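Asker: What shape does this take:
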Amino acid sequence: MVIACLLLSGCGIGFGDPPEGNEFFESLNVTGDKRAGEQLTAAVAMTQNYAVEITVECELRRGKDLVKPIGRDVVPAFPNGTPDQTPFPINYSFDFTVDDAGTYKVDCFTPLDEDNFIRDEFKIGAAAEITPMPTLGASQPDTQP
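Answerer: Below is the predicted model of the structure:
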């Protein structure tokens with residue numbers, strides 16, 4: 001475990017609060033109908049040129065509070081990878097829903113160092129109102145004289 005941490009820190013993975021990505025995380029975008037109860041997708045793009053596997057987790061948060069985990073995957077090791085090699089692009093997407101209106105964020109990070117992360121903040125509106133379909137009355141008997 002210590003060796004993996006040393007490898008990651010020595011390979012130039014950026015640690016900190018990246019507004020637009022870093023050397024590992026390129027981008028994170030939440031798409032979909034941003035209303036309560038609707039399906040959303042968190043698409044995270046990364047680049048890998050390290051000779052170690054890197055676990056990536058994504059969570060839905062409201063402020064600092066965890067709402068729910070939305071995805072976890074392992075970025076495979078880049079065989080014989082070094083920081084000097086051209087990085088290999090990796091893309092993952094995770095589908096999720098949000099139950100209530102409000103301001104949220106998706107954080108994706110590497111569990112070995114939670115300071116290595118990327119974030120997308122967004123607002124969720126109220127659920128769409130469902131307009132009931134008008135009921136058609138039963139057919140009336142022909143009452144013409």
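
Asker: C-alpha from now on. contacts and neighbour counts both.
Answerer: Fine.

Asker: Contact partners for the most centrally placed residue in the chain?
Answerer: In the chain, the residue lying closest to the centroid (Cα atoms, centre = their mean) is residue 42, at 3.2 Å. By Cα atoms under 8 Å, 6 or more residues apart in numbering, the contact list for residue 42 reads 28, 29, 30, 31, 93, 94, 95, 96, 106.

Asker: will you turn those into CSV that also has pLDDT?
Answerer: Converted to CSV, the contacts of residue 42 look like this (pLDDT from 0 to 100):
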residue, pLDDT
28, 97
29, 97
30, 98
31, 97
93, 97
94, 98
95, 98
96, 98
106, 98
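
Asker: Mind checking which of the residues you listed land in strands?
Answerer: Per DSSP state E, strands hold the following members of those: 28, 29, 30, 31, 93, 94, 95, 96, 106.

Asker: what's across from the fifth one in the sheet?
Answerer: Yep, that's residue 93 we're talking about. residue 43 (DSSP bridges).

Asker: That one contacts residue 46, doesn't it?
Answerer: No. With contacts counted by Cα atoms under 8 Å, residue 93 stays clear of residue 46, the gap being 11.5 Å.

Asker: hey, where'd the strands end up in this structure?
Answerer: 25-32, 39-48, 54-62, 65-75, 88-97, 102-110, 113-124.

Asker: pLDDT below threshold where in this structure?
Answerer: Under the criterion pLDDT under 70, the flagged ranges of the chain are 1-22, 131-145.

Asker: try it again with 90
Answerer: In the predicted model, the chain carries pLDDT under 90 at residues 1-24, 48-52, 78-88, 112-116, 127-145.

Asker: How many residues are close by residue 60?
Answerer: Neighbourhood size, residue 60 [other Cα atoms under 10 Å]: 25.

Asker: and it, what is it in contact with?
Answerer: Residues near residue 60 by Cα under 8 Å, 6+ apart: 66, 67, 68, 69, 70, 104, 105, 106, 107.

Asker: One more: residue 30?
Answerer: Shown in contact with residue 30 (Cα under 8 Å, 6+ apart): 40, 41, 42, 43, 106, 120, 122.

Asker: 7 Å - rerun?
Answerer: Residues in contact with residue 30, defined by Cα atoms under 7 Å, 6 or more residues apart in numbering, are 40, 41, 42, 43, 120.
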